[in-house]
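Peer 1: Starting from these lines, generate the structure:
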Amino acid sequence: MPSFKIDLSTAVVFVATAPTPKLANAKTGERAMDRETGAPLSTVGLLVSDEGEGNLYQVTIPETGYQEGLAPGMPVRVTGLKARDWENEFNGQKRHGISFRAIAITPAA
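Peer 2: Okay, here's the model as predicted:
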């Protein structure tokens, strides 16, 4: 499925929620892993403010793409943010949405 780059060159980005482990299976506690690198994945809430509008995104990122200490309210830079649409069927109901993924999140200078 294709993904689309998101341009953050004019945006201000803050951590909304600290990184938490992303699970592949909530029942067993199995961690989601990056298919390319094998690194464990985490989810970070980001508040992106641009052109007078703010949006909250839940972004998946490999654990190798951020340092300890990302905390709510911290201004950050995001490298390689992409969006991808998805669709699944759960219990006979179709669900769809947009997932967000980044290569790295670093504290802003």
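
Peer 1: CA only for contacts and neighbour counts going forward, please
Peer 2: Fine.

Peer 1: Phi first, then psi, for the most far-flung residue of the chain relative to its centre.
Peer 2: Within the chain, residue 92 marks the point farthest from the mean C-alpha position, 27.4 Å out by Cα atoms, centre = their mean. Dihedral angles of residue 92 (phi, psi; degrees, to the nearest 10) stand at phi 80, psi 0.

Peer 1: So which residue is dead centre in this structure?
Peer 2: Central residue of the chain (Cα atoms, centre = their mean): residue 59, at 1.0 Å.

Peer 1: Just the C-alphas of the helix or strand encompassing that one, formatted as CSV.
Peer 2: For residue 59, the host element (DSSP states H and E) is strand 53-62. Taking Å, rounded to 0.1, in the frame of the first residue of the first chain, the C-alpha atoms of strand 53-62 are listed here in CSV:
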residue,chain,number,x,y,z
GLU,A,53,-4.4,24.5,13.0
GLY,A,54,-3.3,21.8,15.5
ASN,A,55,-3.7,18.1,15.1
LEU,A,56,-2.9,15.2,17.3
TYR,A,57,-1.2,12.2,15.6
GLN,A,58,-0.3,8.8,17.1
VAL,A,59,3.0,8.0,15.4
THR,A,60,4.7,4.6,15.2
ILE,A,61,8.5,4.8,15.5
PRO,A,62,11.2,2.2,16.0
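
Peer 1: hmm, who's touching that strand?
Peer 2: Contacting residues not belonging to strand 53-62 are listed as 16, 22, 33-34, 39-49, 99-104 [Cα atoms under 8 Å, 6 or more residues apart in numbering].

Peer 1: per-residue pLDDT, the residue farthest from the centre of the chain?
Peer 2: Model confidence at residue 92, given as pLDDT, is 89.

Peer 1: For it, give its distance to residue 99.
Peer 2: 21 Å (Cα to Cα, to the nearest Å).
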